[in-house]
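Participant: prediction below, plus the sequence it came from.
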Amino acid sequence: EVYLNNKLILQRFGKQLENAQTIQLNEGTPGDELTIKYHHCGRVGKNRVITIKDGQDKVLKEFRFADVSAPVAGMSCRVKDIVSLKKGNNSTLKLYYTSSELPGGRLIAAITTGKTVTASVMP
């Protein structure tokens with residue numbers, strides 16, 4: 001699940017996870033937050049990391065999150081921290097989730113960036 005300011009903008013389960021969706025993130029306001037919740041079928045995820053990569057799969061930034069006791073704990077990042085990673089004409093970024101339970105990682109969504117103040121899911 002992906003939320004923008006606590007509003008659900010993307011939800012995928014099971015086989016749907018094999019095909020990542022594209023979300024558009026725009027600069028918005030300084031306080032805008034993107035929150036990712038990854039479900040491990042009732043188990044608690046450990047050593048959770050959200051990674052932002054460019055179109056060539058180069059790691060641009062990693063957000064590391066403390067272990068928690070809740071099976072599904074949100075991992076939040078500021079939208080401006082993600083959008084600021086865009087370099088040049090390449091406006092597509094990739095958002096990955098990795099944990100001890102999912103060491104190979106999973107592409108959660110492709111992110112396109114812009115200048116307006118909305119977020120949307122692209123088919």
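Facilitator: That came through fine. Only a predicted model underlies this, so the values are computations on that prediction, with no experimental measurement involved.

Participant: which parts of this structure are helices?
Facilitator: Here the chain has its helices, by DSSP state H, at 79-83.

Participant: where does it have low pLDDT?
Facilitator: For the chain, applying pLDDT under 70 flags the ranges 16-17, 88-91, 114-123.

Participant: measure residue 11 to residue 37 for me?
Facilitator: 9 Å (Cβ to Cβ, to the nearest Å). Yep, even glycine has a C-beta here, placed from its N, CA and C like the rest.

Participant: mind checking which of those two has more residues around it?
Facilitator: Applying other Cβ atoms under 10 Å to residue 11 and residue 37 shows that residue 37 carries more neighbours, namely 18 against 12.

Participant: show me what contacts residue 95?
Facilitator: Residue 95 is in contact with 2, 36, 50-52, 82, 107-111, counting by Cβ atoms under 8 Å, 6 or more residues apart in numbering.

Participant: what's the burial count for residue 8?
Facilitator: When neighbours are counted by other Cβ under 10 Å, residue 8 registers 12.

Participant: between residue 11 and residue 37, what contacts are shared?
Facilitator: With Cβ under 8 Å, 6+ apart, residue 11 and residue 37 have common neighbours residue 1.

Participant: packing partners of the longest strand belonging to the chain?
Facilitator: Among all segments of the chain classified by DSSP state E, the strand with the greatest residue count is strand 102-114. Where contact means 3 or more Cβ pairs under 8 Å, 6 or more residues apart in numbering; DSSP states H and E, strand 102-114 is packed against strand 21-26, helix 79-83, strand 92-99.

Participant: now do that strand: distance to the chain's middle.
Facilitator: Average the C-alpha atoms of strand 102-114, do the same for its chain, and the two points are 6 Å apart (Cα atoms, centre = their mean, to the nearest Å).

Participant: what angle do it and strand 92-99 make?
Facilitator: For strand 102-114 against strand 92-99, the angle between stretch directions is 150 degrees (axes from the mean of the first three to the mean of the last three Cα atoms, to 10 degrees).

Participant: direction included, what does strand 102-114 pair up with?
Facilitator: According to DSSP bridges, strand 102-114 forms sheet pairs with strand 21-26 (parallel), strand 92-99 (antiparallel).
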